[in-house]
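Visitor: Any chance you could fold what I've pasted below:
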Amino acid sequence: MKIVPSIAFILASFLPFTAAADLMIEKSVNKAMESMTVAYRTPIEYALYQYTTEMLVNFRLQLQADIYQQARTSTLKMASTPPYISVINPPLKEKVNGAE
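Guide: From the prediction side, this is the model:
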């Protein structure tokens, strides 16, 4: 009776080794070697690439500044205009010489 639990414990102690062995086999079979592609550019191509990148960055920054300026201007314009008066909410009539 005491032999069965001890055999079960011994067999259970081998499970981590078999699981690790399976993982090693899967990694070695399924994973291909990483590769790196290097593109050589001539000095003219690199200069054109750098110029284009800088131009696009400046365009993006200018566009962002224009959007901010336009939003600020329209907000100030809306703040300075009188409120919208509709037919639903007619303006209050002012009393002239105590009469309406």
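Visitor: Against which helices or strands is the biggest helix by length in the chain packed?
Guide: Scanning the chain for the longest helix, with DSSP state H as the assignment, gives helix 43-80. Applying 3 or more C-beta pairs under 8 Å, 6 or more residues apart in numbering; DSSP states H and E, we find helix 43-80 packed against no helix or strand. The way it works is simple: take the backbone N, C-alpha and C, and place the C-beta from them, glycine included.
Visitor: In that helix, which residues are buried?
Guide: By neighbour count on 16 or more other C-beta atoms under 10 Å, the buried set for helix 43-80 is empty.
Visitor: shift numbering so it begins at 26
Guide: Okay, residue one is now 26; in that scheme the one you just asked about reads as helix 68-105.
Visitor: could you give the mean pLDDT of that helix?
Guide: Helix 68-105 shows a mean pLDDT of 93.
Visitor: Give me the three-state assignment for E59.
Guide: Per DSSP: H, G, I helix; E, B strand; the rest coil, the local secondary structure of E59 is coil.
Visitor: how close does it get to Q87?
Guide: 40 Å (C-beta to C-beta, to the nearest Å).
Visitor: cool, I32 as well?
Guide: 77 Å.
Visitor: cool, and I35?
Guide: 74 Å.
Visitor: Kindly report the same for M103.
Guide: 25 Å.
Visitor: same deal with Q75?
Guide: With distances taken as C-beta to C-beta, Q75 is found 19 Å from Q87.
Visitor: element containing T62, please.
Guide: Using DSSP states H and E, T62 maps to neither a helix nor a strand.
Visitor: let me redo that: Y65
Guide: Using DSSP H and E, Y65 sits within no helix or strand.
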